[in-house]
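>>> 3D, please:
(one chain, ligands or ions: 2)
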Amino acid sequence: MSDTDAARLGELVDWENGLISPEIFINDRIYRAELERLFNRAWLFIGHDSMFPEPGDFLNTYMGGDPVLAIRQRDGEVRVFLNACRHRGMKICRAEDGNARNFMCTYHGWTYSTAGELINVPNLDTAYFNELDQRRWGLVEVAQVAQYKGLWFATFDPTAPPLEDFLGDMLYYIDAWVDRSPGGIEVLPGAVKWTIHGNWKLGAEQFGGDGYHAVITHASSLGTFDPTFLRDVQGIEFASRQGHGYSMIFDRMTRFADDPLGRYNESQVRARLERLGEDRANTVGNFTIFPNFSGLPGSANLRMWHPKGPNEFEIWSWTIVDRDAPEEVKRAQRTSAAFTEGAAGVVETDDGENWDLIGQMLERGTQTRRMAWNYQMGNGHESDNDPVYPGRVLRNYFGEGPQRAFYRRWLEFMTSEEWPVVEQTEPDRREHRASAMGALSATPRGGSR
Ligand code: FES
Ligand code: FE
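Ligands and ions are numbered 1, 2, ... in the order given. Here you go, the predicted structure:
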């Protein structure tokens, strides 16, 4: 039995009993299979509307191991192409973002339009005898692109179900982030990017559900600012059947610092209550949208966990603000985010040290790779019929249901030949989903491969 056989992976990931082998965080063959079966099929976050608002604006990002260019078109749509020249596979664009009229490959000069067409080939006559059919050699385009309230996602898989099904119950929770004010959110310019020597899933699983770590890991940072930090905390954990997770703390919009950010948030309490209702307005939550897109409240942080190898990932982190907030609030949010969750932030470095050391141990050890890890917290105490919150919910802030859901979904992707469709939202929750769907558009794409 090979490492990547369904039976072997099933042994490694016993999500039902909360037992996960760390082999899935270090094994190179499992990592390669992950790129193929998970990242080539799942919907992956690309960027937010505000990151590329104008025609010709582009973002250079990754879908799993592959570099992609997301480009705003003249009609406002977004198209996503493999950032690889059709001649010898060189990157056609190396800038992180910007605005371009076209993209010239720096190897031999093939040039592509923002719509992905091959528009210029040097020496077409003297080298190719005018026999190269340029129409056949445009950029490879991803199979589907769609957005939800300004968050753009893409998938390489033409058989992937619509983004709405992929997000499922997560729509209810993510609205507390992207729909909390009439103008929506804005991503402030500039991504902070850094490398961790660990496995990308360590970050993704933590943001989906691991409030438990914060009390200890962040005792020297968050605990110093607020000695009552997370003491007697009340909240829930949401575990999505689609693999997403959300940890929510109740009653958080009641204490505000006397600074521009605190005063702004205080001024928004009533409006947010009216917009979101008590269930979500007076809360803060962190999330992971399966597989590698997360958010962290407070520092208002969106981030991607980009895989770079079994034991290496890059964190790409953006700061978000209400689009309509005053400039001084945006500046304050940026400063707060850099101080806490930037690459050298006082909170971020706490987490990075854990992930890095775990990565070192798995890389060097053998016995440490064989010892099952425990994901049993709250198992058996969750409900699929919470009267308020959709999805599988634990009425406790500490729990590991989101992680179990994450690895259940991971296992399904890793072991399914077809796109692993699962049961959608519970019937009594469809009403909310239908209203949220008004904001979603999907753009099927034909590949130019
Ligand atoms: Fe791009 Fe040759 S690799 S032009
Ligand atoms: Fe943390």
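>>> from here on, just use CA atoms for contacts and neighbour counts.
Will do.
>>> which residues of the stretch 301-449 of the chain score low on pLDDT?
424-449 (pLDDT under 70).
>>> strands of the stretch 251-400 of the chain, start to end?
For the stretch 251-400 of the chain, the strands defined by DSSP state E, counting those that start in this stretch cover 283-289, 293-296, 301-309, 312-322, 373-374, 392-394.
>>> doesn't residue 122 make contact with residue 110?
Yes - taking Cα atoms under 8 Å as the definition, residue 110 is a contact partner of residue 122 at 6.7 Å.
>>> how about the residues of this protein by ligand 1?
Applying Cα under 6 Å from any ligand atom, we find that the chain lies next to ligand 1 at 85, 87-90, 105, 107-110.
>>> from these, list the buried ones, please.
For those, a burial check counting by 16 or more other Cα atoms under 10 Å picks out 85, 105, 109-110.
>>> ok, back up a step: can I get the strands of the stretch 251-400 of the chain in TSV including distance to residue 406 and mean neighbour count?
Shown next, in TSV, are the strands of the stretch 251-400 of the chain (distance: least, Cα to Cα, whole Å; neighbours: other Cα atoms under 10 Å):
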stretch	distance to residue 406	mean neighbour count
strand 283-289	9	25
strand 293-296	12	24
strand 301-309	14	23
strand 312-322	18	22
strand 373-374	14	14
strand 392-394	12	24
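>>> which residues sit in contact with the most centrally placed residue in the chain?
Residue closest to the average C-alpha location in the chain (Cα atoms, centre = their mean): residue 293, at 0.8 Å. Taking Cα atoms under 8 Å, 6 or more residues apart in numbering, we find residue 293 in contact with 44-45, 204, 302-305.
>>> same question, residue 264
With Cα under 8 Å, 6+ apart, residue 264 has these contacts: 325, 329.
>>> residue 172 and ligand 1, how far apart?
Using Cα to the nearest ligand atom, to the nearest Å, residue 172 is found at 44 Å from ligand 1.
>>> does that residue sit in a helix, a strand or a coil?
Here residue 172 is recorded as helix under DSSP: H, G, I helix; E, B strand; the rest coil.
>>> show the pLDDT at it.
pLDDT, residue 172: 96.
>>> dig out what the residue nearest to the centre of the chain forms beta bridges with.
residue 289, residue 304 (DSSP bridges).
>>> leaving out chain neighbours, which residue sits closest to residue 70?
Leaving out its chain neighbours, the residue that sits closest to residue 70 by Cα to Cα, 6 or more residues apart in numbering is residue 80, at 4.3 Å.
>>> what sits up against the one helix or strand the one you found maps to?
Following DSSP states H and E, one finds residue 80 within strand 78-82. If you take Cα under 8 Å, 6+ apart as the criterion, strand 78-82 is touched by 66-73, 115-116, 139-142, 145, 154.
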